[in-house]
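[1] What follows is a predicted protein model with its sequence.
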Amino acid sequence: MPEGHTIHRLAAEHLRMFGGLRVCASSPQGRFAEGARLLDGLMLRDADAHGKHLLVGFGEDGDRVLHVHLGIYGKYTFGTGPAPAPVGAVRLRLTGAAGYADLRGPNACEVLDRGEVKVLRDRLGADPLRADADPELAWRRIARSRTSVAVLLMDQSVVAGPGNIYRAEVLFRQGVHPLVQGSALGRGQWSAIWDDLVVLMADGVRAERIDTVRPEHTPEAMGRPPRVDEHGGEVYVYRRAGLPCLVCGSEVRTEVVAGRNLFWCPVCQAV
DNA sequence: TACCTATGTACAC
DNA sequence: TGTACCTAGGTAT
């Protein structure tokens, strides 16, 4: 589930399993053989996440940085004990005394130097999961934009980390229609969206899944049969097109906007 | 066995 | 705006 909360969790997992230890790096698939050679035998010094980008520092001064972006398909698998024979297309395998990590199908997997990391970070917007995030910078972009708030929330140079699920869900929870222009959004609405993202995404890191339904709207509280959403979490509108809204019962709508599926309730998010 | 889908991004036009 | 790319799992034939 590679939205920002997943990447922050992966950074913590790298530190927990390999932090301060020398690791073996290999590319069973072969497509990252050269990069793996640069990292092989070095100490894993630090691991950090900014939005959907994972940055893992290797070496005594951490100036060889593994940059991973999972894209839609990318996936990490961690295991304890000796690593088994690789299954499927394993782009990168890290092994240490405590276990191993396999990376499959990333959008980006490369070794950067510090300058390249700075360039990457400079183009990323405020990450709701980072203590150094400045939502005011995002607000300045949003307040003067005629682009829809739905597109702005997915623009990683404005807000880094939320993906299609958090976008759909936070707009539902705040009663904001996704096609409202950024410049039409109120300052208070933006603050509420940001504060909600901070809470929701922190919950996502802890729970390893995206649950956004308030206790009073769960199927149990509403006297409806229990259900399990396909992506593994409880949500209001994401991938619920045609189903009744959990709050008002109206049919959840969907539309492709900027190449991505958008979901909203036409009544709870009137405008 | 073939096809479709996905929580993303970059690039060409 | 359209397309390519990365992968695995589910569904259709």
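    Arrived safely, thanks for sending.

[2] Please make it C-alpha for all contacts and neighbour counts, starting now.
    OK.

[3] which one is residue A:127 nearest to, not counting chain neighbours?
    Nearest non-adjacent residue to residue A:127, counting by Cα to Cα, 6 or more residues apart in numbering: residue A:160, 4.7 Å away.

[4] Might you report the residue contacts of that neighbour?
    For residue A:160, the contact set (Cα atoms under 8 Å, 6 or more residues apart in numbering) comprises A:4, A:50-52, A:124-128, A:154.

[5] Could you pick out the residues of the stretch 151-271 of chain A near DNA strand C for me?
    When proximity is defined as Cα under 7 Å from any atom of the strand, the stretch 151-271 of chain A approaches DNA strand C at A:258-259.

[6] pLDDT weak spots in the stretch 151-271 of chain A?
    Scanning the stretch 151-271 of chain A for pLDDT under 70 picks out A:225-232.

[7] all strands of it, in order?
    Ranges of strands in the stretch 151-271 of chain A, per DSSP state E, counting those that start in this stretch, are A:253-257, A:260-264.

[8] Check those strands for me and report the most buried one.
    strand A:260-264 (a mean of 21; mean count of other Cα atoms under 10 Å).

[9] hey, C-alpha coordinates of that strand in PDB?
    The C-alpha trace of strand A:260-264 is given here as PDB (Å, rounded to 0.1, in the frame of the first residue of the first chain):
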ATOM      1  CA  ARG A 260      -6.600   8.900 -11.500                       C
ATOM      2  CA  ASN A 261      -9.800   7.600 -10.100                       C
ATOM      3  CA  LEU A 262     -11.600  10.100  -7.900                       C
ATOM      4  CA  PHE A 263     -14.300   9.100  -5.400                       C
ATOM      5  CA  TRP A 264     -16.700  11.400  -3.500                       C
END
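
[10] Can you tell me the strand partners of it and which way each runs?
    Strand pairing for strand A:260-264, using DSSP bridges, gives strand A:253-257 (antiparallel).

[11] Close to DNA strand C: what parts of the stretch 1-150 of chain A are there?
    A:71-74, A:87-91, A:104-107.

[12] Please repeat the previous calculation with a cut-off of 10 Å.
    A:29-32, A:69-75, A:86-92, A:102-109 (Cα under 10 Å from any atom of the strand).

[13] OK, now which residue of chain A is nearest to DNA strand C?
    residue A:105 (3.0 Å; Cα to the nearest atom of the strand).

[14] How about residue A:247: what's its closest non-neighbour residue?
    Once flanking residues are discounted, residue A:247 sits nearest to residue A:217: 6.6 Å by Cα to Cα, 6+ apart.
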